[in-house]
Structure formats: C-alpha cells, structure tokens
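Peer 1: 3D model of this:
(chains A and B)
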Amino acid sequence: MRTRFRVNGADVDLDVEPRRLLVSILREELGLTGTHIGCDTTNCGACTVLVDGKAIKSCAMLAVQADGAEILTIEGLAEGEVLHPVQRAFVEKHGLQCGFCTPGMIMTSYWILSQNKDWDEQDIKKQFSGNLCRCTGYRDIIESLKRAKELARGEGREAMR
Amino acid sequence: MSSLEAFARGAGKYVDDITLPRMLHMAVARSPHARANVLSVEGGMNAGDLHALVGGFGEGARRDVDPAVLHPVFASDTVNYVGQPVAAVFAADRYAAEDKLDEIDVEYEKMTPLTTVEDALSAAPLHAGTTSNIIKQSWVGVDFDDPASPVVLEDAFTIGRIANNPLEPRGIIADYDGARLTVYVSTQAVFSIKRGLCNTLKLKDSEVRVIQADTGGAFGVKSALYPEYVMAAYAAMAYRRPVKWIESRSEHLAASQPGRGVRGKMKLFAGTEGRVKALRAEVTTDAGAFGGTAGTSSPFFIAMQLTGPYGIEKARVLATSVMTNKPPQGPYRGAGRPEAAFFMERMMDLLADEIGKEADEVRLVNTTTKPFTSPLGLEIEASRPFFEKAVAELKYTEKSHNGKAGLSFFVLVSAVTPGESARITVQNGTVDVWLGGNQHGQAHVAFVKRLLSEELGIPENVITLNNGDSDALSDGVGTWGSRSAIVGGAAVIAAARKVRAQVQRRRGSYTADTLLDGNYDREVFDRHARQLNSFGANLATIRIDKFGVVTVQECAACYDVGRALTPKVVQAQIVGGSLQGIGQALYEGVVHDANGRLLTKDLFDAGLPLAENTPDFSITIVERPSSFPHKAKGLGEAPTIGVPPAVARAIENVSGIRIRHTPVSPEELIGSSDTQEATVKRR
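Peer 2: Sure, this is the predicted structure:
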C-alpha cells in the first residue's frame, strides 16, 4: 500500500505491506535503528517516536496508519554535532546506563517538555509509566528531564523546537 | 563521541541494528507443553538435523553433570518446559520467518508435568538414563552436636523466580565464510559464547570469532550459551548465509533463564543475649528442566554464604538442585547472594523479636571483631566496625522508632576468581583497550579511563574501551558477580604497567608523550585466587495503603566500595540495583501454573518496576581500601542483596505480618494499613 509521510523533515514515499508496524519500517526500510524494540506487547516504550507532535509507541501503530503524518525520531533531535538539550541533559545527568531504553525515554521527555505543564515530580514519574528502564532505577532519568528544562530555557527554547 | 553520547543520539549498534548482505532471520518453534513425548517433528530445522547439547558455559555454569540432564539444542524425544525449542525456520525477513512457523508440525503425547520441587523429589526422573530429579546434592560444612541453647528458632523461606528482563532481549547474528564462524552477540562474556560454540559444534578455537555488539543490559541472562545461538551458528554454516535471531519479549519470559527460585529452611541455636552459636539449614533450588546452568551450582554458592557477616562458629547446610518442568534457572543480579542474605536476615529479625531486642542489637552481638572464616568457607573481615558505622549513618535508631524502618546487613562476595584479561594498544597517539569482561551498562569505560590516566599520565580523551572481541584477546572471563572494577581494573593496571616498562626499556625513561609517540601492544591475564568480600547495610521505610499496596518511602544504603573509582557511576549502580531489589520484594515474578504454563506473559505481568515506584534514596559510600592496586571493592550486586530483606522487615514492622517470601503481594497485606498500630506476630 502506497504510504507517504515525513520523517525528521524528509519526505518518505513507500509501498508498504499493510501488516507491517511503523517501527519495522523505520528500522528496516529507513535505517533509523535508534528506535528500539524491547518487547512485543507494547509495554516497554523503547520504540517511542513523535507522530504529529504526540508521543506514540511505534510498535502499536501500523506504518500505513502514518500516511500523511509528520514523524520525529531520536535521529531527528540533534542538529549535526550539536545535541538537543534533552540529549545533553541525559548525558550530563547519567540518565542512561545500557542505552537501550534511552531513545524512547528521550522522546517521551521531549514530549513532556513540549506540553509546558507545571507537573510536580510525582506527575512527571507518571508520565513515564509507558517507558520502562531496567538499569537506572529512573532517578537519573527524572533528573535529566529537569535538567533538560533548564537547558532549554537557558537557550530561549520555551517549547521544544 | 562517548558511548553515552552515542546512545543518547540513538547511534548505538545493538545486534538487531546490524544487517549483513543475504541475511536470514530465524524464528523458533517452541513446545506448548510443560512435559510431553515428542512423537514426530516435521518441517524446519530440528533434532533430525542437529543433535547437540548445551550447558556448562557462562556465569555459575557447571560442566560436571550427567550429560543426560543437559539441554538439547532441539528437543528430540521429549519436551520439558513450555517454550523449549523444537525446530527453527529461516526467511529473508522476520515477518516471513514467523509465517513459516506455521509449516512446522509436531505430534506430542502430553504427560503430567512436575511443577514443584516437592513433586520432582517424589516422582520418577524426567530424563531417561537418570535415577532421580536431583542434579546435585551434598552437605556443606562438617557435622556437629546441637549446642545446648535456650533459644532454638526454625523457619522456612521462598524466593520466587525473576526474569532478568534487560530492555534489550537476547540476540545473535552468525556468519560463516567457509572457514571461520563470526558471531555478533549481545553478551556479558564473548569467551563464554566462543568456548560454548566450539564445544557444542565441535569447532576449533581458531574457527570461531565472537564480537560483542552494544549490549542493552543483561543482569546475568546474557552470559550463557543458549540453544538458539547454536541453531543460528549451525544454520549459518549449513546455508552459507548470515543468520540473525532476535528474541521477542514473550520468548524472554518463557524460555530464557530466570534467576532466583530458591527456598531455604533455617534453624538457629542462640543464647538469650542473641548470640548465634550454630546454624543448620537446607537450601533447595528449583533448577528447572535441565542441568549445567547456574541453577545447578546456586544452592552450593548460597550455602557457602549463609552465615553472612556474622561470626557463627558452627554451621552445616544441605544444598540441593532439583529439576522441574520449567525453564532452566540462571543467574540474575546477585545470583545466590540475595538468597543467602534474605534467609539469614529474616532469621536475625525473628531472633530479635523472639528475645525482645532491637534488630540492630541482635546483629551487633553477632558481628566479629577479627577476620573470620566461617565453617562454610566464607571469609570476612571484622564486621563490627563497619556495622556500627552503618547503623549510625543510616540513622537506624531514629528511623526504627519513627518510621518502623527495616534494616539489613550483608556481605557481598565478589566473583574475583580466576581473574580477568586486559589488552592495551598504543598507535598514532591513541590508546585502545579490550577487557575479557564486557560492559553492558556498567560504564567499564569510566574506570578504565580513570585508572589509565592515573597509571600512564595520559588524558582520558585518547583512551577508547572497545566492545568484547575474542580475536582481540587470547582469553577472558566475563562481567558478572560484582567483579569488573576489581579484576577488570586490576588487569588494566597490570597491562598498563607492562606498557610503561616497555616504554622505559625502549626509550630510556617514561613520559606520557613518549608513550603516545610510539606503538605498543600488551595483553595480560591477571590471576586472582583469594576472596575479596565487602560489607553493606540497607534501611527501608514503607507505607501500606488500605488495599495492601506497599510504597517504599526511603531507601538508604551504606556500602563499603573500597574506593569509588567513578562516584557518579557508583551512585547510578546503587539506585538502579535498589529498584531491582524493591522489584524482587514487591512486584516481580515468573509464575507458572500447576500445568507448567507461563502466567506472567508480558513485562507488566512480570512486574518490572515503573518510574513511580522509585523511592527517595540516601546513599553513604564508605571507602575502606582493598588490597588491590586500585583499592576498589565490588558493588554492582550490593543493592539487590541488601534491599529485599530491609523492605521485608519494614513491611513486617508496619503490617504485623511475618514475611517469609518474595514477592509480597498486596492481597496478603489487605487490612494491615499503617494507619493502624501493629505489632509483629511471632511465627
């Protein structure tokens, strides 16, 4: 089925087998392997990307459903050598260990910050309920999110982008 | 680019991110039955193509077992757990490979499975040619006459199985060029995989190269050789095409090797002041359907540690590993250490209640003021000075009265033996390092850079730690058992000193500039035979709501790490490990029903903790230098050892219900909300 969407600002036009998941197309057809697969039951969130500004699990969406959508993956955050503030915050605050859940955590963090809400710590923790991490115990992920907010503000980025 | 930065960019190269030309994807047909005779298998690659056995490679694995109890690569006459591999299919993409599973036709004759240790001990053997379902059984410690003690306490405890659940599942790519097999794998130990493949497929050492892909967590489950790895390697050789197998989460939960799954019966003989004179115990492991894995050795390792940080003069333990119709047991962060500490710490709390003393008082009277070797073979330093400091640092007295805190005290037995390998090369002003044990989240790179910049006076930004590669080293062990900073660090120092000596010989004197100006290449295997054990203590406070749901409020740790080589990493390891300890205490399990069918089929069923389960942490690092050149001690498993007994005691203090198992479920605690006063019930 002919499917057209934009990924990280680039147009994509593909003939897609209708049963294939968005994550499978991103990874295998487009080579965007930063989006990871950690489960087959939509629990883990390692495959989180933004579709039209919303954080979604790309294992829970068929690629053909993304027709006409604007998609942002982990590869689309940095500008060349310069990391996005969320990425910089994760490195600075040690918000990752093995790195496997990290792209999903960063995309969810990006979405949380884009909401511009004054969530308290418990609210923030709940926003991560769709993203699992086995290494960090989450503390440094939450610290990374807080740091990202500071970094983004410092650079005059109120909302993300 | 640092590896942290690469991972934050999504630029890691995990095994599923690697694509080779003409690559086939493998899917595995698995038994739907916990126990059955296999009457026929049609389709795919199966036991008719490859009859080989795995087992005996990886952390805690044992090779001295009857071959009749080893795991076959493909099931032949019988299947013995739900998820056991029966056949494999191959196709150009993963979707097509899954489709091809429909072509496999297996005829089974169902049998009644043995799903509990009790069933297995009384039933006829699972495996033909054996006489019982016991893999190994023996006494640890010499026998003694029961001392005349005014206090004799007995209790029994069960620790449920837990899936390792690294966020990246297992995975492998095998590629064969007609002469040599090259394997890319998500692993803790390239040499375990290499030796395992050579042994199982009868290949020469020179015919196999194992390269570690970026590894997305492991926690013990990625050191063993698995049937799927052998299938992929065999198929790559048979088809002369690269073969990739990536485990699904469902497969991980059903058919990898979960950890824990142990019960302990404890009997203490004590004086009225709380001094324990003797210990008798039985430790029994549910090793699952096959032997040779860590499930075979774990009861003996647990038995050895059972006296913990206490000076108990007499002890004897019956250690038994038993086969049931469940997947084989493997190591999970701690791998025997948390079990031993849980059993002993639960008894210490029971003893405190029995004689009417505080939990810290009864522990204090059992600490040692001199180095002590237990009758079970555990070597410890004097434990009293550390314990006194820890009780003060953790503010136990204040928190036990105000917050009903739980306390634990333990010894971390790091897997020091037989040492580890390291290689350092210098070329074009850059320094490359390889270690025999491979990092998968612990940031070995951080201690490697620190130690090399100290030893060689070079800047950290010229140093690269490479992923594991069996061609880069002649031998190696692996990353597990809280060993890497100790033996990996010592090996790096030993290799650096050889390089330094080489520079001195060639150039007359050593400077960092002369080093970086030349070409050098040195490899060492730095051997260690002595135990290097360290102490830790934890405190936890909890709340219980009216539905019986426990929330951990504060999780405090006081650990002796010898020397914190990389303080940020030390903190991160403690926080992450603590949530795993909370997971064991409250949420996590791999549960099979009476028919041996898996009930915990996804990550939520398996109880992986969420961000909202994370408590407040307070961490005290104690630095009592070790005898190693870097002065460090072990760390990684400490939180998984200390946190579960501290949480269990806190639950007991708040609910008044004696805790004898993990995980503790809300159903058990309904009506014991901490809005009501409660006292601990005695046995």
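Peer 1: low-confidence ranges, the stretch 251-400 of chain B, go.
Peer 2: For the stretch 251-400 of chain B, no stretch has pLDDT under 70.
Peer 1: for the stretch 1-150 of chain B, same thing?
Peer 2: B:1-2.
Peer 1: what does it have sitting close to chain A?
Peer 2: B:2-14, B:16-17, B:19, B:93-95 (Cβ under 8 Å from any Cβ of the partner chain). Just so you know, the C-beta spots here come from the backbone N, C-alpha and C atoms, and that holds for glycine as well.
Peer 1: just the buried residues of the residues you listed.
Peer 2: Taking 16 or more other Cβ atoms under 10 Å in any protein chain shown as the criterion, what is buried in those is B:3-4, B:6-12, B:14, B:16-17, B:94-95.
Peer 1: and of the residues you listed, the nearest to chain A?
Peer 2: Chain A lies nearest to residue B:10 out of those, by Cβ to the nearest Cβ, at 2.0 Å.
Peer 1: wait, what's in contact with the residue of chain A found nearest chain B?
Peer 2: Per Cβ to the nearest Cβ, residue A:34 is where chain A lies closest to chain B, at 2.0 Å. By Cβ atoms under 8 Å, 6 or more residues apart in numbering or on different chains, residue A:34 lies in contact with A:73-75, A:103, B:9-12.
Peer 1: now it. Nearest residue, chain neighbours left out?
Peer 2: Among residues not flanking residue A:34 along the chain, residue B:10 sits closest, at 2.0 Å (Cβ to Cβ, 6 or more residues apart in numbering or on different chains).
Peer 1: try residue A:92
Peer 2: Using Cβ to Cβ, 6+ apart, the closest residue to residue A:92 is residue A:147 (6.1 Å).
Peer 1: still on that earlier bit, any idea how far the residue of chain A closest to chain B is from residue B:111?
Peer 2: According to Cβ to Cβ, to the nearest Å, residue A:34 and residue B:111 sit 47 Å apart.
Peer 1: which pLDDT value goes with the residue sitting nearest the centre point of chain A?
Peer 2: By Cα atoms, centre = their mean, chain A has its centre lying nearest to residue A:107, at 2.3 Å. For residue A:107, the pLDDT comes out at 98.
Peer 1: same thing with residue A:155?
Peer 2: Confidence for residue A:155, expressed as pLDDT, is 82.
Peer 1: look up the closest residue to it, ignoring the ones flanking it.
Peer 2: Residue A:155 sits nearest to residue A:85 (Cβ to Cβ, 6+ apart), 6.4 Å away.
Peer 1: tell me how many other residues crowd that neighbour.
Peer 2: 24 (other Cβ atoms under 10 Å in any protein chain shown).
Peer 1: same check, this time on residue B:631
Peer 2: Neighbours around residue B:631, by other Cβ under 10 Å: 16.
Peer 1: residues contacting it?
Peer 2: Counting by Cβ under 8 Å, 6+ apart, residue B:631 has contacts B:562-563, B:623, B:625.
Peer 1: which one of these has the most neighbours?
Peer 2: Counting by other Cβ under 10 Å, top hit in these: residue B:562 with 25 neighbours.
Peer 1: got a pLDDT number for residue B:615?
Peer 2: 97.
Peer 1: assign the residue nearest to it when sequence neighbours are not counted to helix, strand or coil.
Peer 2: Nearest residue to residue B:615, sequence neighbours excluded (Cβ to Cβ, 6+ apart): residue B:552, at 4.2 Å. Under DSSP: H, G, I helix; E, B strand; the rest coil, the three-state class of residue B:552 is strand.
Peer 1: let's see which of the contacts of residue B:631 end up in strands.
Peer 2: Secondary structure from DSSP state E places none of these in strands.
Peer 1: looking at those, which one is closest to chain A?
Peer 2: For these, the nearest to chain A is residue B:563 (19.3 Å; Cβ to the nearest Cβ).
Peer 1: please identify the helix or strand for the residue nearest to the closest one when sequence neighbours are not counted.
Peer 2: Computed as Cβ to Cβ, 6+ apart, the closest residue to residue B:563 that is not its neighbour in sequence is residue B:631, at 3.9 Å. Residue B:631 is part of no helix or strand when elements are defined by DSSP states H and E.
Peer 1: once you drop chain neighbours, what's closest to residue B:527?
Peer 2: Here the residue nearest residue B:527, using Cβ to Cβ, 6+ apart, is residue B:419, at 4.1 Å.
Peer 1: mind listing what residue B:524 touches?
Peer 2: Residue B:524 neighbours (Cβ under 8 Å, 6+ apart): B:421-423, B:491, B:494-495, B:498.
Peer 1: the residues you listed: which two are farthest apart?
Peer 2: For those, the maximum inter-member distance is 12.6 Å, found between B:421 and B:498 (Cβ to Cβ).
Peer 1: what about the two, which has more around it?
Peer 2: residue B:421 (25 against 16).
Peer 1: my guess is that one meets residue B:468, correct?
Peer 2: No - Residue B:421 lies out of contact with residue B:468 (Cβ atoms under 8 Å); the separation is 10.5 Å.
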